[in-house]
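Q: Provided below are the primary sequence and the corresponding predicted coordinates.
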Amino acid sequence: MDKKTILLLCVLGISFLGLYYSKTVLSFVPYLVLLMGLYQKKSRDRVKLFFKSPAILSLSLILFVYLLSGINSSDTSMWLGRVNTNLIFFVIPFAIFLNGPYDRKFVNIVLEIFVSINFIISVLLLFSYFFNYDEVNSSYLKGQTIHTPIIHVRYSYFVALSILFSAYLFMKSKIKLKRYAFGTMALFLMVFIHVMAVRTGILSLYLSTVFLAFYNAIVYKKYKLAIAVLGIILGIMVMSYLFLPSVKNKIKYVKWDIETTLNGTAKYHTSDRIRITSIINGFKILKDSPLLGSGIGDIEKEMNKKYELNYKDLPKEMRFQPVNQFVFTLSSMGILGFVLYYLLLLFPVFYTKNRHELLIPVYVLTLLTFVGETTIELMIGKTAFLTLLAILICYKKEI
């Protein structure tokens, strides 16, 4: 492994740490990787090839959907701010491509770094959970969760990805020590994600696993595998409810939340009601402007108008933009922008040659989180997703 490759791995490792502990590092690293790609031999050839590589280029072109949304944005400064924060849609795929292509060894090391960082942080969080056992478990009855270095929904997404990656590394590693290490990490993280009891992470992990199992059953006739996966997931669900107080208390909270909403005694202080309210307002914006939406620069202003009109008693700190990636795109960019956005986002699935085995699983798991979160609208989720996805797209299968 040459010095350039080692340096790139170190920079990516720093970027993964930056997801949790430094927004400055997070915003700086993509441009550092870009400079590394530009200042190397044959960089001109790689730049030319980038514009002839539709799979990776499609991700970068998502930036232009944000640019086009300025047509329908009256607030120019807000629109430019959105464009600025979404520059990495172009920068990260471009930078990763310039430094590629990547062989299986490189991809595996990137996955190992990502998993190891999440494993270490999760171990520390679990220790904190046990030191504050009764207090934290009681907090679940109020809709709270374990304290995490970033928003718990986003952290649960990273843990779900880490479970996927560690299981893959366990199955693919030829070194026994690595197999045991990543098998242990997979089991630990599976337990930890249930201790966290964050529905977005757990459900996206379950549903993506079931989807992939049945996909293999239909395409490769592996019916026994699909049935086994279903049985394992059901078993895990029952065991986690019986033996993990955090899961039991979270279910009690959800049940209370639903009951108070249905019987009309609900107040605007629970996470589910806030999410539902934000999504309803998002659809109201779409109804007003179905083709182009509010414009990415005006989404915040239009949402505030809907809150004032429909939910005036909702405290301002609870007036979120649509807490659903699909609805956020629809309301801010309209049907036309939505179609273009997701055509570009999903294009690599249908075009990529030498497809890495993890490409589709990462897509499926991530898309499932979109239902309850704007996963790739904020910098942390966007950076992690684009970096991992671009590396998998730029994978070069050995002949």
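A: On my side now, so go ahead.

Q: from here on, contacts and neighbour counts on C-alpha atoms
A: OK.

Q: quick one: the strands in the stretch 51-200 of the chain?
A: Counting by DSSP state E, counting those that start in this stretch, the stretch 51-200 of the chain forms no strands at all.

Q: now the helices: where do they sit in it?
A: Counting by DSSP state H, counting those that start in this stretch, the stretch 51-200 of the chain has helices at residues 54-60, 62-68, 76-85, 88-98, 104-131, 133-139, 152-172, 176-196, 199-220.

Q: Next, format these as TSV and append distance to residue 228.
A: Listed next are the helices of the stretch 51-200 of the chain as TSV, based on distance: least, C-alpha to C-alpha, whole Å:
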stretch	distance to residue 228
helix 54-60	34
helix 62-68	39
helix 76-85	43
helix 88-98	37
helix 104-131	25
helix 133-139	32
helix 152-172	16
helix 176-196	17
helix 199-220	9
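
Q: Make CSV from the ones you listed and add mean pLDDT to it.
A: CSV is the format used below for the helices of the stretch 51-200 of the chain (pLDDT from 0 to 100):
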stretch, mean pLDDT
helix 54-60, 95
helix 62-68, 95
helix 76-85, 92
helix 88-98, 96
helix 104-131, 95
helix 133-139, 88
helix 152-172, 94
helix 176-196, 93
helix 199-220, 86
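
Q: Ok, which of these comes nearest residue 15?
A: Shortest distance between residue 15 and the helices of the stretch 51-200 of the chain, using C-alpha to C-alpha, is found for helix 104-131: 9.8 Å.

Q: counting contacts, what elements does the closest one pack onto?
A: Contact here means 3 or more C-alpha pairs under 8 Å, 6 or more residues apart in numbering; DSSP states H and E; on that basis helix 104-131 packs against helix 3-21, helix 152-172, helix 176-196.

Q: Mind listing what's buried along stretch 165-177?
A: 165, 166, 167, 168, 169, 170 (16 or more other C-alpha atoms under 10 Å).

Q: nearest to residue 98, of these?
A: Closest approach to residue 98 among the buried residues of stretch 165-177 (C-alpha to C-alpha): residue 165, at 24.3 Å.

Q: burial count for the residue nearest to the closest one when sequence neighbours are not counted?
A: Residue nearest to residue 165 in three dimensions, not counting chain neighbours: residue 111, with 6.3 Å by C-alpha to C-alpha, 6 or more residues apart in numbering. Residue neighbour count, defined by other C-alpha atoms under 10 Å, stands at 20 for residue 111.

Q: cool, and the one 3 residues further on?
A: Other residues within reach of residue 114 by the criterion other C-alpha under 10 Å amount to 24.

Q: Need the per-residue pLDDT for the closest residue to it other than its chain neighbours.
A: In space, and not counting its chain neighbours, residue 114 is closest to residue 16: 6.5 Å by C-alpha to C-alpha, 6+ apart. With respect to pLDDT, residue 16 scores 96.

Q: Pretty sure residue 384 is one of the things residue 16 touches, is it not?
A: Yes. Using C-alpha atoms under 8 Å, residue 16 makes contact with residue 384 at a distance of 7.4 Å.

Q: between these two, which one's more packed in?
A: residue 16 (25 against 18).

Q: quick revisit: what is the nearest of the buried residues of stretch 165-177 to residue 365?
A: In terms of C-alpha to C-alpha, no member of the buried residues of stretch 165-177 lies closer to residue 365 than residue 165, at 11.8 Å.

Q: Please report how far that closest one lies from residue 80.
A: 36 Å (C-alpha to C-alpha, to the nearest Å).

Q: before we move on, what about residue 309?
A: Distance from residue 309 to residue 80, counting by C-alpha to C-alpha: 27 Å.

Q: Just want to know which of those two has more residues nearby.
A: More crowded of residue 309 and residue 80, by other C-alpha under 10 Å: residue 80, with 17 against 11.

Q: which SS state does the residue nearest to that one when sequence neighbours are not counted fall under?
A: The shortest distance from residue 80 to any non-neighbouring residue, by C-alpha to C-alpha, 6+ apart, is to residue 297 (7.5 Å). Counting by DSSP: H, G, I helix; E, B strand; the rest coil, the backbone at residue 297 sits in coil.
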